[in-house]
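Asker: just coords:
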Ligand code: HGY
Ligand code: MN
Ligand code: MN
């Protein structure tokens, strides 16, 4: 069994075929959740699931699970997401899903039947870029977000999530939250950061996920003429938004450690060259591996914004889009990943994840952990995202032997 290895050409062909769906022509792809492109990606992947003879179910939030119904008991589940950000690469999320299919196909072709069923899942709207929060589908799957509330979520483009799900034909019949928890969950994912490559390690044994705080801030000022309005009389939301973005960068530098802060989206209204804006809407993405420090950062940002509103004479409206405390993965699963990687002669690095992942939600339901493989130059959420074939094959082989061991583990 230990000599079993996946077929990396088959894996890479599926990655490239899926990468063509929603291709942006620059090596990347755009499949924002529940768009036509997402539907096309879902159709392609569920087609591959059915070709492998998997029993495919789609639940009420569109989470899709293919089960290889062998062995007995609850399945060992692999998976991730196939929705992307607008400037996505072809590996983020997709690798975890397609590696799951590759693991099953490898076992089927080798005539090896695991003791437990194996499942491969893709969860709805992991990115949260169109419908916040991120990991929305897996959060509903584990009972962390009410289904009706999730279906009423409104996208950044104004669409209602439930309507989009119906429109693309993925409002499934399977109940959500999940009726039965998997036996265990393992997600293979590209690191999306520079550490493995810089430190020369082949496999990341992911110990957990850092805390995430997403907020939308609406700043209301006074629209006025850009030429006639004296600077001292301005109440300028664009200036306030820019000052907040600068403060976030300075705060991250001051707090140091794992603190990261991002202003990824700023919309001005009326957004015209000769008009002092009436309104600015911006997003704040603030993360830290330590919950206390994350709360400190949130409090510092809140205080800065309130002072700024006072001096600039603008009004603020905050809306929380996502708030997840740091998550620790199951050390027993990490132990298996580390042992398997060692047996395959691969160096490992234990590390937290800077990005959010579906595994952090599945960890509420069953023993869960993640396997990282290198991201070239640490680039992700960018069409230039790249992981070389050797890294892809190594990560998928670690997934293969990890799930085989988990199928034989009883977690008592
Ligand atoms: O935002 C994240 O960390 C993930 O890409 N959804
Ligand atoms: Mn991802
Ligand atoms: Mn992502």
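Answerer: Yep, it's here. What you are looking at is a predicted structure, and each value in this text was computed from that prediction instead of being measured. Ligands and ions are numbered 1, 2, ... in the order given.
Asker: where along the chain do the helices fall?
Answerer: Under the criterion DSSP state H, helices of the chain are mapped to 8-19, 36-51, 94-110, 136-141, 147-151, 161-167, 195-198, 237-255, 291-312, 331-343, 359-362, 389-407.
Asker: Which of those sits closest to residue 28?
Answerer: Proximity to residue 28, assessed across these by C-beta to C-beta, is greatest for helix 8-19 (8.0 Å). In this view, the C-beta of every residue, glycine as well, is placed from N, C-alpha and C.
Asker: Please work out which residues outside that closest one touch it.
Answerer: For helix 8-19, the external contacting residues (C-beta atoms under 8 Å, 6 or more residues apart in numbering) are 29, 41, 44-45, 48, 82, 90-91, 94-95, 98-99, 101-102, 105, 389, 392-393, 396.
Asker: Now that helix: buried residues?
Answerer: 8, 11, 12, 14, 15, 18, 19 (16 or more other C-beta atoms under 10 Å).
Asker: Per-residue pLDDT of the closest residue to ligand 1 within the stretch 151-300 of the chain, please?
Answerer: Going by C-beta to the nearest ligand atom, ligand 1 is nearest to residue 212 of the stretch 151-300 of the chain, at 6.6 Å. pLDDT, residue 212: 98.
Asker: so who does the residue lying closest to it once chain neighbours are set aside touch?
Answerer: Nearest non-adjacent residue to residue 212, counting by C-beta to C-beta, 6 or more residues apart in numbering: residue 324, 4.7 Å away. Counting by C-beta under 8 Å, 6+ apart, residue 324 touches 133, 135, 209, 211, 212, 356, 360.
Asker: Kindly give a single PyMOL line that selects the buried subset of those residues.
Answerer: Isolation of the buried members of those (16+ other C-beta under 10 Å) is achieved in PyMOL through the command below:
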select buried, resi 133+135+209+211+212+356+360
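Asker: which of the contacts of residue 324 lies closest to ligand 2?
Answerer: residue 356 (7.7 Å; C-beta to the ion).
Asker: I figured the closest one hits residue 213, correct?
Answerer: No: shown here, residue 356 and residue 213 do not form a contact pair, counting by C-beta atoms under 8 Å, at 11.2 Å.
Asker: per-residue confidence for residue 2?
Answerer: 78.
Asker: which residues does the closest residue to residue 403 other than its chain neighbours form a beta bridge with?
Answerer: Computed as C-beta to C-beta, 6+ apart, the closest residue to residue 403 that is not its neighbour in sequence is residue 76, at 4.8 Å. Beta-bridge pairing for residue 76 (DSSP bridges): residue 118, residue 184.
Asker: Quick one: residues contacting residue 76.
Answerer: 114, 116-119, 182-186, 403, 406-407.
Asker: let's see 10 Å
Answerer: 103, 114-119, 182-186, 366-367, 402-409 (C-beta atoms under 10 Å, 6 or more residues apart in numbering).
Asker: From the chain's centre, how far out is stretch 46-54? Work that out for me.
Answerer: 24 Å (C-alpha atoms, centre = their mean, to the nearest Å).
Asker: For the residue lying closest to residue 333 once chain neighbours are set aside, give me its contacts.
Answerer: Distances taken as C-beta to C-beta, 6+ apart put residue 369 closest to residue 333, at 3.7 Å, once the chain neighbours are dropped. Remark: with contacts taken as C-beta under 10 Å, 6+ apart, residue 369 is in contact with 184-187, 205-208, 328-338, 359, 362-363, 402, 406.
Asker: Residue 247 versus residue 369, what's the distance?
Answerer: Distance, residue 369 to residue 247, using C-beta to C-beta, to the nearest Å: 36 Å.
Asker: hang on, residue 385 packs against residue 193?
Answerer: No: contact criterion C-beta atoms under 10 Å: residue 385 and residue 193 do not qualify, at 11.6 Å.
Asker: Common neighbours of the two, please.
Answerer: In contact with both residue 385 and residue 193: 375, 378, 379, using C-beta under 10 Å, 6+ apart.
Asker: just those that are near ligand 1?
Answerer: By C-beta under 6 Å from any ligand atom, no member of those lies near ligand 1.
Asker: now, among those residues, which is nearest to ligand 2?
Answerer: When those are compared for distance to ligand 2 (C-beta to the ion), residue 375 wins out at 11.1 Å.
Asker: what about the chain, any weak spots by pLDDT?
Answerer: For the chain, the stretches flagged by pLDDT under 70 are 1.
Asker: Ligand 2 contacts on that one?
Answerer: 92, 93 (C-beta under 5 Å from the ion).
Asker: dump the residue contacts of the residue lying closest to residue 191 once chain neighbours are set aside.
Answerer: Nearest residue to residue 191, sequence neighbours excluded (C-beta to C-beta, 6+ apart): residue 372, at 4.3 Å. Residues in contact with residue 372 (C-beta under 10 Å, 6+ apart) are 187-193, 195-196, 201-206, 337, 348-349, 351, 353, 391, 395, 398.
Asker: Does residue 341 touch residue 402 like I think?
Answerer: Yes: taking contacts as C-beta under 10 Å, residue 341 lies within contact range of residue 402: 8.6 Å.
Asker: Common neighbours of the two, please.
Answerer: residue 371.
Asker: Could you list the residues of the stretch 51-200 of the chain in contact with ligand 1?
Answerer: Residues of the stretch 51-200 of the chain lying close to ligand 1 (C-beta under 6 Å from any ligand atom) are 126, 127, 128, 134.
Asker: Count the residues that sit near the third one.
Answerer: Think residue 128. Counted with other C-beta atoms under 10 Å, the neighbours of residue 128 add up to 21.
Asker: Nearest residue to it in space, please, no chain neighbours.
Answerer: In this structure, residue 128 finds its nearest non-sequential neighbour in residue 134, 2.8 Å apart by C-beta to C-beta, 6+ apart.
Asker: The one you found - how many residues pack around it?
Answerer: 25.
Asker: got it, and the one 10 residues further on?
Answerer: Residue neighbour count, defined by other C-beta under 10 Å, stands at 17 for residue 144.
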